[in-house]
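Peer 1: just a sequence and a predicted model for now, questions to come.
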Amino acid sequence: MAQSPRLLDLPWKVNLSISTLSFAVDITRRSNGTVNRFLMSLFDFKTSPSKKPVNGVKSTDITIDKARNLWFRLYTPTTTTGGASRNDVSMPVIFFFHGGGFAYMSPDSKPYDDFCYRLACELSAIIISVNYRLAPEHRCPAQYEDGFDALKFIDNEQIEGFSNCVNLKHCFLAGDSAGGNLVHHVTLKASEREFRNIKLIGNILIQPFFGGEERTESETRLSGQVPFFTIERADWMWRAFLPEGSDRDHPAANVFGFNSVDLSGREFPATIVFIGGLDPLQDWQRRYYEGLKKSGKKAYLVEYPNTFHSFYAYPDLPEFSLFIKEVMEFVQKQSAATNK
């Protein structure tokens with residue numbers, strides 16, 4: 001199958017970045033199902049937090065549980081998009097879960113650090129980027145437990161300077177790829193708990209990583225024909241993440257399959273799902289949106305026909321600004337509805 005002409009028009013820096021990341025993932029995945037962490041560290045450039053504002057946003061790292069290396073990077077705008085001091089504005093809070101197939105990356109990986117700085121700046125929001133444990137060293141449900149514990153930490157702890165500028169009644173969960181999968185499952189856990197301070201009012205799933213034993217039309221048609229994503233890589237990540245002996249119809253992957261949790265009686269916030277027309281996962285993502293609707297949940301679908309998996313990591317692409325605008329409008333809409 002010929003490659004889409006649209007892909008040939010990508011900026012050279014984007015092509016180089018995608019090629020490098022694809023090579024890094026392939027070369028560090030061992031045949032025994034483990035990851036060569038040392039080798040990956042040569043490709044995964046780490047950043048430090050900055051108390052000095054970067055484009056109007058400062059950051060700091062806060063530890064939740066040192067024993068399991070559970071921490072988050074907190075991004076705090078020093079001014080809003082309107083130029084007002086952050087001390088004069090109560091900002092929404094977005095818990096962000098990074099992608100990487102459950103096995104790669106972290107909040108201090110440069111692409112995600114850059115992305116969260118942009119989110120905080122563009123949305124005038126507090127971003128809490130969670131460092132959860134990685135597979136295959138830690139399998140499902142460790143990642144969901146870490147994400148949920150981050151919510152409980154914010155609900156219970158007093159963080160210096162944090163409570164002065166946030167509105168904990170306007171909390172969102174957001175994640176890309178595997179992080180989008182975490183958003184769903186952390187929300188499920190949160191639906192069983194009564195929080196003291198925080199209220200979840202919206203979910204933002206960016207090309208979420210869902211799957212199943214079935215090979216969908218988009219997986220078959222696009223795998224290996226578009227940047228980064230292949231069925232072989234995805235299958236390896238599921239094997240590394242899911243509990244031993246599980247197949248891809250496990251409810252962690254196939255969230256609306258025959259083994260899944262019934263959402264109809266669960267509290268579930270409004271959800272926006274972003275899909276790319278060149279993403280092999282799009283059929284699973286669309287099924288997720290449809291599953292939410294069938295369960296009586298408020299859901300929105302946004303599709304960009306010419307975008308591949310992980311397009312949001314590249315601000316040079318025209319869809320990036322459209323994506324930011326959609327997220328901003330969703331956050332504002334849900335926040336306004338909560339105020340009524």
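Peer 2: All right, it came through fine. Numbers count the residues shown, from 1 in each chain.
Peer 1: what's the neighbour count on residue 261?
Peer 2: Residues near residue 261, counting by other C-beta atoms under 10 Å, number 12. Bear in mind the C-beta positions are built from the backbone N, C-alpha and C, glycine included.
Peer 1: so it is in contact with residue 188, correct?
Peer 2: Yes. The criterion here is C-beta atoms under 8 Å, and residue 261 meets it with residue 188 at 6.1 Å.
Peer 1: Three-state assignment for the residue nearest to residue 107 when sequence neighbours are not counted, please.
Peer 2: Of all residues not flanking residue 107 in the chain, residue 129 sits nearest, at 3.9 Å (C-beta to C-beta, 6 or more residues apart in numbering). Assigned by DSSP: H, G, I helix; E, B strand; the rest coil, the conformation of residue 129 is strand.
Peer 1: and residue 129, what is it in contact with?
Peer 2: 72, 73, 74, 75, 96, 98, 107, 112, 113, 116 (C-beta atoms under 8 Å, 6 or more residues apart in numbering).
Peer 1: let's go with 7 Å and repeat that
Peer 2: Taking C-beta atoms under 7 Å, 6 or more residues apart in numbering, we find residue 129 in contact with 72, 73, 96, 98, 107, 112, 116.
Peer 1: which residues sit against the host helix or strand of the last one?
Peer 2: What it means is residue 116. In the assignment (DSSP states H and E), residue 116 maps to helix 110-123. Identification of contacts with helix 110-123 by C-beta under 7 Å, 6+ apart yields 45, 47, 54-57, 73, 75, 77, 94, 96, 98, 105, 107, 125, 127, 129, 313, 315, 324, 327-328, 331.
Peer 1: of those residues, buried ones?
Peer 2: Neighbour-count burial (16 or more other C-beta atoms under 10 Å) applied to the contacts of helix 110-123 gives 47, 54, 56-57, 73, 75, 77, 94, 96, 98, 105, 107, 125, 127, 129, 313, 324, 327-328, 331.
Peer 1: measure the residue nearest to residue 215 when sequence neighbours are not counted to residue 97 for me?
Peer 2: Leaving out its chain neighbours, the residue that sits closest to residue 215 by C-beta to C-beta, 6+ apart is residue 231, at 7.4 Å. Distance of residue 231 to residue 97, given as C-beta to C-beta, to the nearest Å: 23 Å.
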